[in-house]
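Student: please find the sequence and the predicted model below.
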Amino acid sequence: MRYDLHTHFLPEGWEDWGAKYTGNRWPRFERCDACSANIMVGERLFRHVTDQCWSAERRIEDMDRLGIDVQVISPVPVMLCYWAEPEAAQAFARLQNEYCAGIVAAHPDRFRGMATVPLQDPPRAIAELRRAVETLGLRAVEIGTFPGGRDLDSPELFPFFEACVDLDVSVFVHPAGAVVGQDRMGDYYLPNIVGNPLETAMAITRFILGGVAERLPGLRICWSHGGGAFAFVLGRLTHGWDIRDEASANAPHAPVEYAKRFFYDSITHSPDNLHFLIDKVGPGQVVIGSDFPFGMGEKDPVGFLDSCDLTPQVREGIEHHNALRFLGDTPA
């Protein structure tokens, strides 16, 4: 069976959160026709989407065409809303979690689901995570790289990661807007093309050097887009860790040792890049990702693997076994 760990969903419409709560950045669903809609942020068009985002039947048709047996569905990052007032963000997260759990319950052989939580308020995030696990049956959560203006090694976020371990929840990290170099990325779609890979590399680096990986070795965590630029700066990071006391103060092991514990999706956009990632972190840490149904992802994730000249054993791990390990379905 082939598992695609990186796919996104939207509920099929929701009430106008901007009219109900404060803030002018709430995503809004504006139906165009039976099969498409515009997602607005304030008065700005964020993205035109199709029923691939909300129709399980349409997704299953595409999965069958692409040779994918199971999709793990997670929220579109713009829906995380870490900027918002926590109570409103928790209600918005709950709406998405219930929709996600409903899709999984209706098609348990084809979908697994990831929750979202209001991580700008860690106690509320933990409460919503617990509800998603214990009431809705979700066993994974998607978070952003810089939730609520905090890096992932922030002491305020550590209890949330502890809760993920205690509840046996897998964590999928996805950029929710580029922050690194933001003031220089106003053109050419650079926030997505360049910003997201840099954002993810920064998040992984701080997760390691801040000691989170050291303190929580049992946390299952996967980084989107092949870890962004991380694999390509790992050598320099290791050199800095080796010569600078502040870089190694919270991370007693070399960065590559932590990097080999994490999972990464296969969205690397070239066979050479995927081979480089596998060489750095090991074949057992890579899973299929497509970013379905969006254009910056991989339109044919199985075809991409076909182009990469992988051994049957490595291929089987990427398509199946590694995903089950990340999701906690098999022993580490």
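Tutor: Structure's in. What do you need? Computed from a predicted model, the values in this text were never measured in an experiment.

Student: all contacts plus neighbour counts: C-alpha atoms, from now on.
Tutor: Fine.

Student: tell me who's in contact with residue 164.
Tutor: Contacts for residue 164 (C-alpha atoms under 8 Å, 6 or more residues apart in numbering) come out as 170-171, 219.

Student: taking these one by one, which sit in strands?
Tutor: Applying DSSP state E to these, the entries found in strands are 170-171.

Student: can I assume residue 191 is in contact with residue 178?
Tutor: Yes - between residue 191 and residue 178 a contact is recorded at 5.5 Å, counting by C-alpha atoms under 8 Å.

Student: returning to that earlier point: dump the contacts of residue 164 to a markdown table, plus neighbour count, pLDDT and distance to residue 310.
Tutor: As requested, these are exported to a markdown table (neighbours: other C-alpha atoms under 10 Å; pLDDT from 0 to 100; distance: C-alpha to C-alpha, whole Å):
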| residue | neighbour count | pLDDT | distance to residue 310 |
| --- | --- | --- | --- |
| 170 | 22 | 98 | 26 |
| 171 | 24 | 98 | 27 |
| 219 | 22 | 98 | 28 |
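
Student: which one of the contacts of residue 164 is nearest residue 43?
Tutor: Nearest to residue 43 out of the contacts of residue 164 is residue 171 (C-alpha to C-alpha; 32.3 Å).

Student: with adjacent residues omitted, what lies nearest to that closest one?
Tutor: residue 221 (4.7 Å; C-alpha to C-alpha, 6 or more residues apart in numbering).

Student: hang on, residue 183 in a strand?
Tutor: No - assessed with DSSP: H, G, I helix; E, B strand; the rest coil, residue 183 is helix; it does not lie in a strand.

Student: pLDDT weak spots in this structure?
Tutor: 331-332 (pLDDT under 70).

Student: let's see that with 80 instead.
Tutor: Along the chain, the parts satisfying pLDDT under 80 run over 177-179, 330-332.

Student: in it, which helix is the longest?
Tutor: For the chain, the longest helix by residue count, based on DSSP state H, is helix 86-106.

Student: hmm, who's touching it?
Tutor: Helix 86-106 has contacts (C-alpha under 8 Å, 6+ apart) with 9-11, 21, 56, 73-75, 80-82, 110-118, 120-121, 124-125, 128, 132, 136-138.

Student: likewise stretch 20-34?
Tutor: 13-18, 37-42, 51, 78-79, 81, 84-85, 88.

Student: which residues in the stretch 101-250 of the chain form helices?
Tutor: 122-134, 158-166, 190, 196-209, 212-215, 230-243, 245-248 (DSSP state H, counting those that start in this stretch).

Student: list the helices and strands the first one packs on?
Tutor: Contacts of helix 122-134 with other secondary structure elements, assessed using 3 or more C-alpha pairs under 8 Å, 6 or more residues apart in numbering; DSSP states H and E, are made with helix 86-106, helix 158-166.

Student: now do the buried residues in that helix.
Tutor: Within helix 122-134, the residues that count as buried by 16 or more other C-alpha atoms under 10 Å are 122, 124-126, 128-133.

Student: farthest pair in the residues you listed?
Tutor: Maximum distance among these (C-alpha to C-alpha): 16.2 Å, for 122 and 133.

Student: next, residue 32: secondary structure please.
Tutor: Secondary structure assignment for residue 32 (three-state DSSP): strand.
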